[in-house]
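# this one's structure only:
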């Protein structure tokens, strides 16, 4: 079964013959799914992807069908999330604006928030501890964050400061 988008609504329909043939073509061979679809449709797919370093966090891959429609696959961290067939060319723009762009914008917002958190962690660590080897520039954590002597949350209740007083 495949999800089909027509005139602003979704429905489940049986897989089209080209998708069944691509599945049969990809399973016994070393071909990945996108290459099998491209070979079966005799066209290359288009991809929009959001990368975090060397990792592709989210992407949308779509192919133009011979009869004018489109087939799109949504992925997160290289795993397929959804596959949608848009058989009518006139529905593609509304589908793209209503679903493809928000999917990518949502993932971009999350990636930006993670990046800002990391920058904030590094700035806080540098302000607290200065520059040096004890600060991990990728995470912002330092030896002070993970050592019981400087972090009260990690201290043992019965530990002393070395002068006979509780920590």
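Arrived safely, thanks for sending. Remember, it's a predicted structure, so these values are computed and weren't measured experimentally.
# Skipping adjacent residues, who's closest to the most centrally placed residue in the chain in space?
Per CA atoms, centre = their mean, the C-alpha nearest to the average position across the chain is that of residue 57, at 2.5 Å. Leaving aside its chain neighbours, residue 57 sits nearest to residue 50 (5.0 Å; criterion: CB to CB, 6 or more residues apart in numbering). For glycine as for every other residue, the C-beta is placed from the backbone atoms N, C-alpha and C.
# Kindly confirm my reading that that neighbour forms part of a strand.
Yes. Assessed by DSSP: H, G, I helix; E, B strand; the rest coil, residue 50 belongs to a strand.
# wait, what's in contact with it?
Residues counted as contacts of residue 50 (CB atoms under 8 Å, 6 or more residues apart in numbering) are 56-59, 104, 107-108, 111.
# what packs against the lengthiest strand in the chain?
When the chain is parsed with DSSP state E, its longest strand is strand 55-64. Counting contacts by 3 or more CB pairs under 8 Å, 6 or more residues apart in numbering; DSSP states H and E, strand 55-64 packs against helix 33-41, strand 46-52, strand 70-76, helix 101-129.
# hmm, back to that, quick one: the residue nearest to the centre of the chain and residue 35, what's the gap?
As judged by CB to CB, to the nearest Å, residue 57 and residue 35 stand 22 Å apart.
# Low-confidence bits of the chain, can you list those?
Scanning the chain for pLDDT under 70 picks out 29-30, 52-56, 129-137, 140-167.
# wait, isn't residue 80 in contact with residue 61?
No. Using CB atoms under 8 Å, residue 80 is not in contact with residue 61; the gap is 9.3 Å.
# For these two, indicate the residue with more neighbours.
Per other CB atoms under 10 Å, whichever of residue 80 and residue 61 has more neighbours is residue 61, with 20 against 12.
# Run a quick check on the more buried one versus residue 38, I expect a contact.
No. Counting by CB under 8 Å, residue 61 stays clear of residue 38, with 9.6 Å between them.
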